[in-house]
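**Student:** for reference, the sequence and a predicted model appear below.
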Amino acid sequence: MSSRHPGQLGFTLVELATVLVIIGLILGLAFKGKDLIDGAKIKSAQASSNKVLASMNIYFERYGRYPGDGCVAAVPVTDTAPANCTAAPNGSYTAVEAATLMPLLVNTHILSASDARSPFGGDWTVALGSSASNTQPTALYLTIGGVAGNNVDLRYVCAMDTQYDDGNPTTGHIRSNAALGSGTDQYQAGDDCWSQKVGLQALSVRLLP
């Protein structure tokens, strides 16, 4: 039997409290779910970069050179095939050779097209380290939009660097164009990446050497 008196309109305090508790639980689950998704993206990005590196080693075992090394033929990058890479491999990359690395891995089916796509949106590309934070200009970096492409949520960049490297955007094998510091558009080891950081930054993961 309802506790509401005849002619009473609205909800009782118990009913309102119950509704508020349910809403609170739903919101809590929603925020927790987003945290889990964000964490999964970081793990997926690290696994994805490791898969690219493993694919490079598989390519080396098959063809006796790393993908792109010696690939200087004047063909569209997306049409690159091992037969186009006729120059002698020397273990050093030019910007043109670096650009052929990912297409070669995909075109030889060592890496699937889905594996060539980053968890942050956009395809992985490979470029020579030439931004201010990438102090090794001849090193190969796995990037999204190039080493100067600021198109990854800084929270993800900060978290990935903190979890899998040194938390410094200018050193280690995970780098960014962000400045070293504790500002909202910077990061350093020990920072709270998820609640203090805003904006977009570059993400570069070193592959070679």
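**Tutor:** Received it, and whenever you're ready, just let me know what you need. Numbers count the residues shown, from 1 in each chain.

**Student:** nearest the geometric middle of the protein, what residue?
**Tutor:** Closest to where the C-alpha atoms of the chain average out (C-alpha atoms, centre = their mean) is residue 45, at 4.7 Å.

**Student:** OK, contacts around that one?
**Tutor:** Residues near residue 45 by C-beta atoms under 8 Å, 6 or more residues apart in numbering: 118-120, 156, 160. Every C-beta, even on glycine, is put in place using the N, C-alpha and C of the backbone.

**Student:** ditto for residue 161
**Tutor:** Each residue near residue 161 by C-beta under 8 Å, 6+ apart is listed here: 167-169, 172, 174-176, 187.

**Student:** beyond the helix or strand where it lies, next helix or strand please.
**Tutor:** Assessed by DSSP states H and E, residue 161 sits inside helix 154-164. Toward the C-terminus, helix 154-164 is succeeded by strand 174-175 as the next helix or strand (DSSP H and E).

**Student:** which secondary structure elements does that following strand sit against?
**Tutor:** helix 154-164, strand 204-208 (3 or more C-beta pairs under 8 Å, 6 or more residues apart in numbering; DSSP states H and E).

**Student:** the last one: partners in the sheet, and parallel or antiparallel?
**Tutor:** In the sheet containing strand 204-208, its partner strands are strand 140-143 (antiparallel), strand 174-175 (antiparallel), by DSSP bridges.

**Student:** highest mean neighbour count out of those?
**Tutor:** Mean neighbour count (mean count of other C-beta atoms under 10 Å) peaks for strand 174-175 among the strands paired with strand 204-208, with a mean of 27.

**Student:** strands of this protein, start to end?
**Tutor:** 125-128, 140-143, 152-153, 174-175, 179-180, 186-187, 200-201, 204-208 (DSSP state E).

**Student:** how about those strands in JSON lines, adding mean pLDDT?
**Tutor:** Below are the strands of the chain laid out as JSON lines (pLDDT from 0 to 100):
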{"stretch": "strand 125-128", "mean pLDDT": "90"}
{"stretch": "strand 140-143", "mean pLDDT": "92"}
{"stretch": "strand 152-153", "mean pLDDT": "91"}
{"stretch": "strand 174-175", "mean pLDDT": "92"}
{"stretch": "strand 179-180", "mean pLDDT": "92"}
{"stretch": "strand 186-187", "mean pLDDT": "92"}
{"stretch": "strand 200-201", "mean pLDDT": "92"}
{"stretch": "strand 204-208", "mean pLDDT": "90"}
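
**Student:** winner for burial among the ones you listed?
**Tutor:** Buried most deeply of these, by mean count of other C-beta under 10 Å, is strand 174-175, with a mean of 27.

**Student:** quick one, the helix holding residue 161 and strand 204-208 angle?
**Tutor:** Angle of helix 154-164 versus strand 204-208, following axes from the mean of the first three to the mean of the last three C-alpha atoms, to 10 degrees, is 40 degrees.

**Student:** residues near residue 199, how many?
**Tutor:** For residue 199, the neighbour count with other C-beta atoms under 10 Å is 13.
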